[in-house]
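>>> The sequence and its predicted three-dimensional model are supplied below.
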Amino acid sequence: SYEASTVAAMRDPVEAAAYLEAVIELDDPAALLVALRQIAKAHGMAEVARRAELGEKTLFRALSDKGNPTLITVHKVLHAMGLRLSVTAIQ
């Protein structure tokens, strides 16, 4: 199914990174939170929270529609999903 293939793709770090890069191009923080939440759900929120050494409630709150995660939280969540934050020059 479409949903199953999407979840599988979001578990692949290369696919997840490409998805996040595309969302970052939108320059929309709310869209970035949605993308991070979708990838975390694909990995299992409880497992991501455990690997990131965050409480589940903290993770859910940080990635919620009204979330405003700190840079440290984003770093931990990305790392827990096999990703890392990087910076490139604006073209």
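Perfect, thanks for sending it.
>>> Next, the contact list for the residue nearest the centre of the chain, please.
Among the residues of the chain, the one closest to the centroid is Leu36, at 2.4 Å (C-alpha atoms, centre = their mean). The neighbours of Leu36, taking C-beta atoms under 8 Å, 6 or more residues apart in numbering as the test, are Leu20, Leu63, Val74, Val77, Leu78. In this view, the C-beta of every residue, glycine as well, is placed from N, C-alpha and C.
>>> same thing with Val77?
Per C-beta under 8 Å, 6+ apart, neighbours of Val77: Leu36, Ala40, Val48, Ala52, Leu54, Leu59, Ala62, Leu63, Pro69.
>>> with these in mind, which one is nearest to Ser86?
Minimum distance to Ser86 across these is 15.2 Å, recorded for Leu36 (C-beta to C-beta).
>>> follow-up on the earlier one: any chance of the contacts of Leu36 in JSON lines, plus distance to Val14, pLDDT and secondary structure?
Shown next, in JSON lines, are these (distance: C-beta to C-beta, whole Å; pLDDT from 0 to 100; DSSP: H, G, I helix; E, B strand; the rest coil):
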{"residue": "Leu20", "distance to Val14": "11", "pLDDT": "96", "secondary structure": "helix"}
{"residue": "Leu63", "distance to Val14": "21", "pLDDT": "96", "secondary structure": "coil"}
{"residue": "Val74", "distance to Val14": "19", "pLDDT": "97", "secondary structure": "helix"}
{"residue": "Val77", "distance to Val14": "18", "pLDDT": "97", "secondary structure": "helix"}
{"residue": "Leu78", "distance to Val14": "14", "pLDDT": "97", "secondary structure": "helix"}
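>>> Gly67 reaches Leu33, doesn't it?
Yes. Counting by C-beta atoms under 8 Å, Gly67 touches Leu33, with 5.6 Å between them.
>>> So for these two, which residue has more residues nearby?
Leu33 (20 against 16; other C-beta atoms under 10 Å).
>>> So which of the contacts of Val77 are in helices?
Leu36, Ala40, Val48, Ala52, Leu59, Ala62 (DSSP state H).
>>> any idea how far the nearest residue to the fifth one once chain neighbours are set aside is from Ala17?
With C-beta to C-beta, 6 or more residues apart in numbering as the measure, Ala49 is the residue that lies nearest to Leu59, at 4.3 Å, once sequence neighbours are left out. In this view, Ala49 and Ala17 are 21 Å apart by C-beta to C-beta, to the nearest Å.
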